[in-house]
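[1] Make a model of this:
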Amino acid sequence: MFGIISALLAASSWTYACFLWRQQTKWFSALQINIIKNIIAFVVFFPALLIFDFDSSFKAIFILLLSGIIGIALGDSFYITSLKIIGTRRTLTVEAFSPICATILGSVILQEMPSLKVSAGIFIVSISLLGVALHRTKSNQILEANISKMKGFAFAFLSVLCAVIAATLSRFVLTNSDLNPFQTTEIRLLGGIIGLFPFIERDLITSIKKLPSKNKSSLIKATFLGTNLGILFQQNVFRTLPLGLGWTLLSTSPVISLFVAKEEGEKLDWETLLLTTMTIFGIGIVLI
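    The predicted structure follows:
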């Protein structure tokens, strides 16, 4: 039950953080936002490293650093770029493929074969989320399938791929070492910073100083919710639940993102709500 609650909390915190991060794309590039949020999050959780035995956990550290580079440095940069192009809900709904990807990787790499019931639930969730992603939701502006939109979806798919690979590495460490979620979260954040370090620009601090106070507050709030709490909850999920099942629950973000759809100028129709209901139904099958 703790893993299930952690998954829903992670999805909620990540969804709201995505909404706040998208607002910051007016001031920063996706890469700059990723750098800022990871440095802030690393500082917040830094005490977790003070009780860490580096000598006996070298292999685990290396895998987690790699997980951070792939999932945070690359994956989050792709994700925030997608947010800027196609918006919060459409970016989140591209995660329709992530439960299936996670289930396949969990089966092949971690030997976690899901039951028939869980497989059926994961399939229903994935199809429902895909339907939401492809459905042309009514909005104040007519969406056009132009090159820019295609790039947005491409970045979203790349972010999903990076995230699932990083999740597989994280679960391997959490199930084969004594490291706790706080420690693994901090090491992954360090990996993300290492991956982003070559792209840190000298004028980044100046840009942050020029940011309005309201935006600074939103940036810190989004970082704490989406990066600190989001990854911490996520690590708890990977520690307690099989990868495929855990990722299916983490993929409830599109349902939660409906609460911010109005803020982004979207009007939801009955088809979107029906597909969302199917998503909830699929999750219900997994949990029964």
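
[2] How about residue 51: what's its closest non-neighbour residue?
    residue 183 (7.9 Å; CB to CB, 6 or more residues apart in numbering). Heads up, the C-betas are built off the backbone N, CA and C, glycines and all.

[3] Now name the helix or strand holding that neighbour.
    helix 181-196 (DSSP states H and E).

[4] quick one: average confidence on that helix?
    For helix 181-196, mean pLDDT rounds to 90.

[5] which helices and strands sit right next to it?
    Other helices and strands packing on helix 181-196, by 3 or more CB pairs under 8 Å, 6 or more residues apart in numbering; DSSP states H and E, are helix 30-44, helix 58-68, helix 147-176, helix 230-240.

[6] rerun at 6 Å
    Helix 181-196 makes packing contacts with helix 30-44, helix 58-68, helix 230-240 when contacts are defined by 3 or more CB pairs under 6 Å, 6 or more residues apart in numbering; DSSP states H and E.

[7] export the ones you listed to JSON lines and tack on distance to residue 51 and mean neighbour count?
    Formatted as JSON lines, the helices and strands packed on helix 181-196 follow (distance: least, CB to CB, whole Å; neighbours: other CB atoms under 10 Å):
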{"stretch": "helix 30-44", "distance to residue 51": "16", "mean neighbour count": "22"}
{"stretch": "helix 58-68", "distance to residue 51": "14", "mean neighbour count": "20"}
{"stretch": "helix 230-240", "distance to residue 51": "16", "mean neighbour count": "24"}
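
[8] wait, which of these is closest to residue 17?
    Nearest to residue 17, of all the helices and strands packed on helix 181-196, is helix 230-240, at 6.4 Å by CB to CB.

[9] ok, then the element right after that closest one?
    Downstream of helix 230-240, the next assigned helix or strand under DSSP H and E is helix 243-250.

[10] could you check the angle helix 243-250 makes with the helix or strand hosting residue 128?
    Remark: residue 128 resides in helix 116-134, with elements defined by DSSP H and E. Angle, helix 116-134 to helix 243-250, by axes from the mean of the first three to the mean of the last three CA atoms, to 10 degrees: 40 degrees.

[11] now helix 116-134, how far from the centre of its chain.
    With CA atoms, centre = their mean, to the nearest Å as the basis, helix 116-134 stands 18 Å off its chain's centre.

[12] And for stretch 161-172?
    The answer for stretch 161-172 is 11 Å, by CA atoms, centre = their mean.

[13] Please renumber the chain so that the first residue is 560 from this point on.
    Will do, 560 is the new start, and the previous item becomes stretch 720-731.

[14] burial measure for residue 635, as a count.
    Neighbourhood size, residue 635 [other CB atoms under 10 Å]: 28.

[15] so who does the nearest residue to it once chain neighbours are set aside touch?
    Residue nearest to residue 635 in three dimensions, not counting chain neighbours: residue 593, with 5.0 Å by CB to CB, 6+ apart. Residue 593 sits next to 635, 636, 639 when contact means CB atoms under 6 Å, 6 or more residues apart in numbering.

[16] Please report how far residue 641 lies from residue 803.
    Shown here: residue 641 relative to residue 803, a distance of 23 Å by CB to CB, to the nearest Å.

[17] Which helix or strand contains residue 775?
    Assessed by DSSP H and E, residue 775 sits inside helix 772-782.

[18] Quick one, grab the pLDDT at the closest residue to residue 668 other than its chain neighbours.
    Of all residues not flanking residue 668 in the chain, residue 727 sits nearest, at 5.7 Å (CB to CB, 6+ apart). In this model, residue 727 is scored at 91, pLDDT.

[19] Pull out the buried positions in the helix holding residue 775.
    Of all the residues in helix 772-782, those buried under the rule 16 or more other CB atoms under 10 Å are 774, 777, 778, 779, 781, 782.

[20] May I see those residues organised as a markdown table, with pLDDT and distance to residue 609 added?
    Shown next, in a markdown table, are the buried residues of helix 772-782 (pLDDT from 0 to 100; distance: CB to CB, whole Å):
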| residue | pLDDT | distance to residue 609 |
| --- | --- | --- |
| 774 | 79 | 32 |
| 777 | 84 | 30 |
| 778 | 84 | 26 |
| 779 | 87 | 23 |
| 781 | 86 | 26 |
| 782 | 87 | 21 |
